[in-house]
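Colleague: please work out how this folds:
(one chain, ligands or ions: 3)
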Amino acid sequence: MILEEQINKDNLPKHLAIIMDGNGRWAKQQGMIRAFGHEKGTKSVRETVECCAKLGIENLTLYAFSTENWNRPKLEVDTLMNLLIKSLKKELKTLQKNEIRLNSIGNLSLLPTSAHKELLEVINKTKENKRMTLTLALSYGSREELVSAIKTICDKVKNNIISPESIDETIINQHLYTHNLPDVDLLIRTSGEHRISNFLLWQIAYAELFFTDVLWPDFREQHLYEAIISYQKRERRFGKTSEQIK
Ligand code: IPE
Ligand code: IPE
Ligand code: MG
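Modeller: Numbering: from 1, shown residues only. Ligands and ions are numbered 1, 2, ... in the order given. Here you go, the predicted model:
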């Protein structure tokens, strides 16, 4: 068992991102319908969010619904949207208690009005909280994010607001949904899948990756500790040699 004390608080990821995967398979293993897995997954969300705040992680980003997930059966999409509304209502007090600011990334205009409204309300109510920023990736796709950023930049060039020569990594960053977040340091994916599924492609350029077979509804504090310990044992060289880092 890993104890909280074993985690070096001076070397925490500044930005932790999680692809919460495996709800459907978890439900199937229990002989239940997929919705049951999504419902159970919300408990893992709450535990993970509270644990990150307690540890002192400043930014946590959770992949909750992708642009591709709109292609799931309507019943499942509706279930997920209703669960989102229910969770936002229920967890507002958890966010306030832990001084967590809610943020979101993605093409929110595609969300049902009621979900969009609830989301904006919680974002607004928690906007002064300073301990941790919790970002929900909803209707999020990294390629869609890049397309939308490029369109905005092109518009600014056309209207002489920026010159083509001035376009650099900083300008691109400023036009992403994640403009107010640092690069991802650690990316966790549950459920044994080893892929990125259109999540934060630009922002994970130098992230450390951690894959676990644990299905999201089974993801507990211990699994999070395990990922952070693994992260803290790694040498992040950013292209340099090991000698240059030491
Ligand atoms: C993750 O679990 C939740 C969402 C993608 C919304 P899945 O629903 O993808 O579960 P599996 O991968 O089918 O087991
Ligand atoms: C990725 O999970 C999206 C979220 C966790 C919200 P998926 O289950 O949709 O990913 P793929 O399609 O299996 O790669
Ligand atoms: Mg999945």
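Colleague: against Pro164, how distant is Arg236?
Modeller: Between Arg236 and Pro164 the distance is 33 Å, computed by C-beta to C-beta, to the nearest Å. Where you see a C-beta, it was placed from the backbone N, CA and C, and this is true even at glycine.
Colleague: okay, those two: which has more neighbours?
Modeller: Taking Arg236 and Pro164 together and counting by other C-beta atoms under 10 Å, Arg236 has the greater number of neighbours (11 against 8).
Colleague: now do the closest residue in space to that one that isn't next to it in sequence, the pLDDT please.
Modeller: The spatially closest residue to Arg236, leaving aside those adjacent along the chain, is Glu208, at 6.9 Å (C-beta to C-beta, 6 or more residues apart in numbering). Model confidence at Glu208, expressed as pLDDT, equals 99.
Colleague: report the contact partners of Glu208.
Modeller: 13, 185-187, 230-231, 234, 236 (C-beta atoms under 8 Å, 6 or more residues apart in numbering).
Colleague: where does the residue of the chain most remote from its centre land in three-state SS?
Modeller: What lies farthest from the middle of the chain is Asn160; by C-alpha atoms, centre = their mean that is 34.3 Å. Three-state call for Asn160 (DSSP: H, G, I helix; E, B strand; the rest coil): coil.
Colleague: still on that earlier bit, need the contacts of Glu208 in TSV (columns: pLDDT).
Modeller: Below are those laid out as TSV (pLDDT from 0 to 100):
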residue	pLDDT
Pro13	98
Asp185	99
Leu186	99
Leu187	99
Ser230	98
Tyr231	98
Arg234	98
Arg236	98
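Colleague: just the ones of those in strands?
Modeller: Judged by DSSP state E, these include 186-187 as members of strands.
Colleague: filter the contacts of Glu208 down to the buried ones, PyMOL style.
Modeller: Selection of buried members from these for PyMOL, criterion 16 or more other C-beta atoms under 10 Å:
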select buried, resi 13+185+186+187+231
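Colleague: which one of the contacts of Glu208 is nearest ligand 2?
Modeller: Leu187 (11.9 Å; C-beta to the nearest ligand atom).
Colleague: please name the bridge partners of the closest one.
Modeller: Ala17, Leu209 (DSSP bridges).
Colleague: wait, it sits on Ile204?
Modeller: Yes. The pair Leu187 and Ile204 passes the contact test of C-beta atoms under 8 Å, sitting 5.4 Å apart.
Colleague: what do the two both touch?
Modeller: Here Leu187 and Ile204 have Ala17 as joint contacts, going by C-beta under 8 Å, 6+ apart.
Colleague: what about the residue nearest to Arg236, distance to ligand 2?
Modeller: 19 Å (C-beta to the nearest ligand atom, to the nearest Å).
Colleague: for ligand 1, what is the nearest residue in the protein?
Modeller: Closest residue of the chain to ligand 1, C-beta to the nearest ligand atom: Gly24 (2.8 Å).
Colleague: double-check that that residue belongs to a strand.
Modeller: No. Gly24 is assigned helix when assessed by three-state DSSP, not a strand.
Colleague: quick check: the closest residue to it other than its chain neighbours vs Tyr206, distance?
Modeller: Of all residues not flanking Gly24 in the chain, Arg34 sits nearest, at 4.4 Å (C-beta to C-beta, 6+ apart). In this structure, Arg34 and Tyr206 are 35 Å apart, going by C-beta to C-beta.
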